[in-house]
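Engineer: Give me a 3D structure for the following:
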Amino acid sequence: MIDRRMAQTGMANRRAYLLKMAVDGRVIHVELDSVREMVRLLSNATNNINQIAKRANQTDNIYAADLEELRQRYDELWSQTRTILRKLSEM
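Structural biologist: Got it, this is the predicted structure:
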């Protein structure tokens with residue numbers, strides 16, 4: 001039973017697992033893939049904002065297509081954020 005629960009946490013060291021359980025009473029294993037995806041989306045959105053700002057400063061125009069792309073990236077970020085928050089609330 002200990003080995004099964006230890007495997008669920010992703011911990012490989014039995015001693016470390018038992019010490020963590022003795023001190024805290026629980027081990028939380030967090031998957032960071034969704035956080036990494038959110039950081040990637042945030043980086044893309046930031047790059048798009050910078051490109052649009054540069055173009056707006058050069059031409060004094062902002063294009064509807066640029067704003068629509070920003071809106072889509074913003075929606076993706078919020079979707080990913082909601083997924084992360086939902087997973088955290090399930091812990």
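
Engineer: Give me the phi and psi angles of residue 25.
Structural biologist: Backbone torsions of residue 25, given as degrees, to the nearest 10, read phi 80, psi 0.

Engineer: Quick check: it vs residue 34, distance?
Structural biologist: Here residue 25 is placed at a distance of 26 Å from residue 34 (C-beta to C-beta, to the nearest Å). The C-beta positions use only the backbone N, C-alpha and C, and glycine is treated the same way.

Engineer: Compare those two (neighbour count), which wins?
Structural biologist: residue 34 (16 against 7; other C-beta atoms under 10 Å).

Engineer: how near is the more buried one to residue 84?
Structural biologist: Remark: distance between residue 34 and residue 84 (C-beta to C-beta) = 5 Å.

Engineer: ditto for residue 17
Structural biologist: Applying C-beta to C-beta, the value for residue 17 to residue 84 is 25 Å.

Engineer: Mind telling me what element the residue positioned nearest the centre of the chain is part of?
Structural biologist: Nearest to the mean C-alpha position of the chain, counting by C-alpha atoms, centre = their mean, stands residue 35 at 1.8 Å. With elements taken from DSSP states H and E, the one containing residue 35 is helix 33-59.

Engineer: any idea of the mean pLDDT in whichever helix or strand comes after that helix?
Structural biologist: Next helix or strand after helix 33-59 toward the C-terminus (DSSP H and E): helix 64-89. Averaged across helix 64-89, pLDDT comes to 82.

Engineer: same question, stretch 31-45
Structural biologist: On average, stretch 31-45 scores 82.

Engineer: for that stretch, which positions count as buried?
Structural biologist: Neighbour counts over stretch 31-45 (16 or more other C-beta atoms under 10 Å) mark 34, 38, 41, 45 as buried.
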